[in-house]
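Q: Generate a structure from the sequence data that follows.
(chains A, B, C and D)
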Number of protein chains: 2
Amino acid sequence: MNTRFAVATHILAYLAHAEGQPVSSEVLASSAGTHPVVVRRLVSTLREAGLVQSQRGAGGGTVLARPATDISLLDVFRAVQETEPDLFQVNSTNPNTHCDLGRVMQETLEGLFGPAIEAMRTALAAVSVAQVKQELGKHLPQGCPGASG
Amino acid sequence: MNTRFAVATHILAYLAHAEGQPVSSEVLASSAGTHPVVVRRLVSTLREAGLVQSQRGAGGGTVLARPATDISLLDVFRAVQETEPDLFQVNSTNPNTHCDLGRVMQETLEGLFGPAIEAMRTALAAVSVAQVKQELGKHLPQGCPGASG
DNA sequence: GAATACGTAACAAATTCGGTTACAAATATA
DNA sequence: TATATTTGTAACCGAATTTGTTACGTATTC
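A: Coordinates of the predicted model:
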């Protein structure tokens, strides 16, 4: 799987910590251990999803579009995993023409996987970016930016 | 994502329907709309996981290693998704050395994603291959192999 | 011994992903 | 206005993954 979900969460947690101060893609990239352009790509996606806002030019950067308590991991997941409906990709390439078993199998599996996906969504929806930030603070050693205390 | 999970489930449902009669990779491939070697590769994985048994030679093929009611979708998922623990891959490549935020973020996300993954596992564990076969029968038009009635 | 069928290695084409460079557009500031 | 900063995005590369395919050895039945 790709790392977009994790990096996006990383970015959002960082923005939550910045508390409204615009953060540049360079800083975010440095923190997440990736390239600024990768960050900008991700931020573009997050912006389309309405999770962040960006400002060009000197002193610009990205800020959260709404309180961190109002952004769930499900929001993030939906934003960056454009293939979310295919989490369990069911399409077995070329379904056999014989009674169209392939299509039927697809329908059946979708129905059976549904509860699994729904369960995961529910669990993701229960966690906010604010919580992520809070957890991060707990785990960070003292003296680090974002550390509690 | 890859189609292995879906194809593997397809194969197992077919084997459940065959009720102990060995099924060749050619027949399975035809049903799943793929190549016999692809099936054999998958079957190899399922065999290592103890879900099926194979017999070489004329009249050979693959059969379920235990009752279809005792094989859950979670078993299948675990067997074919060797990257299961990375369902939510957290590693953001090169964590920044600064306070090792990358590692901390990884720990934090793993802790927060845990419940989501667990919820999905639980839901997958609740569905057996026998149920898949049964659902398939319901969806198949009458007169097709496996159709109910 | 011949036919059947699996087991597996090897390879190619397609896709995906992350990183990188490059450059236009926007914005603050001197 | 001129310059520095920063985003937005296209383009490309290399690595990895996935699927399909061929090839061939091995096991089993007849």
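
Q: near DNA strand C, which residues of chain A?
A: Residues of chain A lying near DNA strand C by Cβ under 7 Å from any atom of the strand: A:2-4, A:33-35, A:37-38, A:55-60, A:83. For every residue, glycine as well, the C-beta is placed using N, CA and C.

Q: which two of the residues you listed lie the greatest distance from each other?
A: The distance between the two most remote of the residues of chain A next to DNA strand C (Cβ to Cβ) is 36.7 Å, for A:58 and A:83.

Q: who's more crowded, these two?
A: Shown here are residue A:58 and residue A:83; by other Cβ atoms under 10 Å in any protein chain shown, residue A:83 has more neighbours (11 against 5).

Q: Next, residue A:34: secondary structure please.
A: coil (DSSP: H, G, I helix; E, B strand; the rest coil).

Q: neighbours around it, how many?
A: The number of residues packed around residue A:34, counting by other Cβ under 10 Å, is 22.

Q: Against residue A:12, how distant is residue A:56?
A: Using Cβ to Cβ, to the nearest Å, residue A:56 is found at 20 Å from residue A:12.

Q: Does stretch A:35-48 reach chain B?
A: No: judged by Cβ under 8 Å from any Cβ of the partner chain, stretch A:35-48 and chain B are separated, with a smallest distance of 9.4 Å.

Q: do the same with stretch A:119-127
A: Yes: if you take Cβ under 8 Å from any Cβ as the test, stretch A:119-127 does meet chain B, through A:119-120, A:122-124, A:126-127.

Q: With pLDDT and neighbour count as extra columns, can I get those residues in CSV?
A: Shown next, in CSV, are the residues of stretch A:119-127 next to chain B (pLDDT from 0 to 100; neighbours: other Cβ atoms under 10 Å in any protein chain shown):
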residue, pLDDT, neighbour count
A:119, 87, 21
A:120, 86, 25
A:122, 91, 13
A:123, 90, 20
A:124, 91, 24
A:126, 94, 15
A:127, 94, 22
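
Q: And what about whichever residue of chain A sits closest to DNA strand C, helix, strand or coil?
A: Nearest residue of chain A to DNA strand C: residue A:57, at 2.3 Å (Cβ to the nearest atom of the strand). Following three-state DSSP, we place residue A:57 in the coil state.

Q: Give me the number of neighbouring residues for it.
A: 6.

Q: again with residue A:76
A: Other residues near residue A:76 come to 25 when the count uses other Cβ under 10 Å.

Q: which secondary structure element contains it?
A: helix A:73-80 (DSSP states H and E).

Q: Can you point out the buried residues in that helix?
A: A:73-80 (16 or more other Cβ atoms under 10 Å in any protein chain shown).

Q: Can you lay out those residues as CSV showing pLDDT and distance to chain B?
A: As requested, these are exported to CSV (pLDDT from 0 to 100; distance: Cβ to the nearest Cβ, whole Å):
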residue, pLDDT, distance to chain B
A:73, 94, 7
A:74, 94, 9
A:75, 96, 13
A:76, 95, 11
A:77, 91, 9
A:78, 91, 13
A:79, 93, 15
A:80, 90, 11
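
Q: Right, I'll call it a day here.
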